[in-house]
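*Asks:* take this sequence and fold it.
(one chain, ligands or ions: 2)
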Amino acid sequence: MKKLGFGLMRLPLKDPKDQTNIDIEKLSAMADEFIKRGFTYFDTAFPYHQGCSETAFREAVVKRYPRNAYTVADKMPPWQLTSTEDLESTFRVQLERCGVEYFDYYLLHNLGVANLATFEKYGGFDFIKSLKADGRAKTIGFSFHDKPSLLDEILTKYTFFEFVQLQVNYLDWEDPTNESRRCVEVARKHNMPIIVMEPVKGGYLVNLPEEAAAVLKDYNKDASLASWAIRYAAGVPGVFMVLSGMSDTDQMNDNLNTMQDFKPLSDEEKAVLDKTVEAIKSKNTVPCTSCRYCVDTCPSNIAIPSYFSVYNGAKMFGKQFNHYFSFSVLAQSYGKPSDCVECGACMKHCPQRINIIDTLKLVKDEFEKDPPEL
Ligand code: SF4
Ligand code: SF4
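*Replies:* Ligands and ions are numbered 1, 2, ... in the order given. The predicted structure follows:
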């Protein structure tokens, strides 16, 4: 199996303001290209695109290809569970939405302290084992964004898992919050094959500050910024799959070209990435991956990742009129950063452990004080 997986969480939209309005025609064309070039792995999840990623996958792939032309991964959402029975009913909804009778890969979604407790309370571990036994999940694992010590505890206690999905990218490798390197080391200690998520950190590593991008372009003007990140992740020992959320054919072709005949980074290239990391960190941007897990929980309907994106743009390229304009467009449709009531609901869902409350205050200071006339 080729090492690049199609992440179905940032799909092409017909209306950029409506996450459920997926452009199936464009997605089908992307899936065609992906499969034509020998790639097979698709990764979806219950909450992606507010439940519409799974059905979009059914329309673009399942209805158009024989079952042996693709492999599909899906995940059990802990936040849907209020009883043991919810495991089976949620799983059935997922099979139906995707239009399949089994998943090739099935995961417990985002195991961390809180979700671990939920799965233990409702029997999530026994349930995923039963899926393997009855053939409705061929390979079972879990995704993980928490501390290496917790990963070690889980893999020591639950020895039946067959893979683990980790956030790995060159910026998080030595990051004290994400601790990618240490999580990979724990997985390797337990002989766990690794699937990488967020290799480009939700697009963050393809929209680099000028100085950081220049380090990479000076070394190799032809290599795309994404290709550096994908090659880095795919070259980590133990990794058998790298997921990339692709939104258009250009992104897809770039990734396919990178992974068609994958070449790991040389030591010299890794040293270039070390310099890039230094240049990125000097900008103090918000490490938001736009996963949107925080959004639905907000009572003030604040477009959290979109505001962070505007803020990051201003930090990286200097604040310009278009940043104010983007901010004002967002503020017309959603709550403003100053509407945050500091309830903290969003922060319980953020896999990047961003202090969203404090960061929204920075965004407010940047854009809500003395805005220019638009
Ligand atoms: S802390 Fe603020 S941004 Fe977060 S959910 Fe509550 S109101 Fe929304
Ligand atoms: S703030 Fe956190 S949860 Fe929200 S989109 Fe960004 S990374 Fe995801």
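*Asks:* ligand 1 contacts on the protein?
*Replies:* Those residues of the chain that sit near ligand 1, judged by CB under 6 Å from any ligand atom, are 297-300, 302, 304, 340-346, 356-357, 360. From N, CA and C alone the C-beta is placed, and that goes for glycine too.
*Asks:* pick the one among those residues closest to Lys36.
*Replies:* Ile304 (37.2 Å; CB to CB).
*Asks:* how close does that closest one get to ligand 2?
*Replies:* Distance, Ile304 to ligand 2, using CB to the nearest ligand atom, to the nearest Å: 5 Å.
*Asks:* looks like that residue contacts Asp296 (just checking).
*Replies:* No - the criterion here is CB atoms under 8 Å, and Ile304 misses it with Asp296 at 10.5 Å.
*Asks:* which one's more surrounded, the two?
*Replies:* Ile304 (29 against 13; other CB atoms under 10 Å).
*Asks:* wait, what's in contact with that one?
*Replies:* Listed by CB atoms under 8 Å, 6 or more residues apart in numbering, the contact set of Ile304 reads 288, 294-295, 298, 346, 356, 360.
*Asks:* ok, and the closest non-adjacent residue to Lys75?
*Replies:* His109 (3.7 Å; CB to CB, 6 or more residues apart in numbering).
*Asks:* quick check, the one you found in a helix?
*Replies:* No - the assignment for His109 by DSSP: H, G, I helix; E, B strand; the rest coil gives strand, which leaves it out of any helix.
*Asks:* for Asp74, give me phi and psi.
*Replies:* Per-residue torsions, Asp74: phi -140, psi 170 (degrees, to the nearest 10).
*Asks:* any idea how far Phe125 is from it?
*Replies:* Distance from Asp74 to Phe125, counting by CB to CB, to the nearest Å: 17 Å.
*Asks:* could you pull up the contacting residues of Phe262?
*Replies:* Applying CB under 8 Å, 6+ apart, the residues near Phe262 are 3, 231, 234.
*Asks:* residues in contact with whichever residue of the stretch 51-200 of the chain sits closest to ligand 1?
*Replies:* The stretch 51-200 of the chain approaches ligand 1 most closely through Trp79 (14.2 Å), counting by CB to the nearest ligand atom. For Trp79, the contacting residues are 47, 115, 118, 349, by CB under 8 Å, 6+ apart.
*Asks:* considering those residues, which possesses the most neighbours?
*Replies:* Neighbour-wise, those (other CB under 10 Å) top out at Asn115, 24 neighbours.
*Asks:* give me the pLDDT value at the residue of the stretch 51-200 of the chain closest to ligand 1.
*Replies:* At Trp79, the pLDDT value in this model is 90.
*Asks:* can you tell me the SS state at it?
*Replies:* Applying three-state DSSP: Trp79 is helix.
*Asks:* with Val100 instead?
*Replies:* Look at Val100: counting by three-state DSSP, its state is coil.
*Asks:* flag the shaky bits of the stretch 251-374 of the chain, pLDDT-wise.
*Replies:* 372-374 (pLDDT under 70).
*Asks:* can you give me the helices for it?
*Replies:* 267-281, 304-317, 321-333, 356-367 (DSSP state H, counting those that start in this stretch).
*Asks:* distance between stretch 172-185 and the chain's centre?
*Replies:* Using CA atoms, centre = their mean, to the nearest Å, the mean C-alpha position of stretch 172-185 is found 16 Å from that of the whole chain.
*Asks:* what does that stretch rub up against?
*Replies:* 144-145, 147-148, 151, 166-169, 194, 198, 201, 236-238, 277, 287, 352-353.
*Asks:* try it again with 10 Å
*Replies:* Applying CB atoms under 10 Å, 6 or more residues apart in numbering, the contact partners of stretch 172-185 are 144-152, 164, 166-171, 186, 192, 194, 196, 198-199, 201, 205, 232-233, 236-239, 273-274, 277, 281, 287, 289, 351-354.
*Asks:* same question, stretch 360-371
*Replies:* In contact with stretch 360-371 (CB under 10 Å, 6+ apart) are residues 284, 286, 300, 302, 304, 307-308, 310-312, 314-315, 319, 323-324, 326-328, 330-331, 335-340, 342, 346, 354-355.
*Asks:* farthest-apart pair in the contacts of Ile304, please.
*Replies:* Spatial extent of these (CB to CB) is set by the pair Cys288 and Cys298 at 14.1 Å.
*Asks:* avg pLDDT for the strand or helix carrying Lys26?
*Replies:* Here Lys26 sits within helix 24-36, counting by DSSP states H and E. Helix 24-36 carries an average pLDDT of 98.
*Asks:* buried ones in it?
*Replies:* 24, 26-31, 34-35 (16 or more other CB atoms under 10 Å).
*Asks:* residue in the stretch 1-150 of the chain nearest to ligand 2?
*Replies:* Ranked by CB to the nearest ligand atom, the top residue of the stretch 1-150 of the chain for proximity to ligand 2 is His145, at 9.6 Å.
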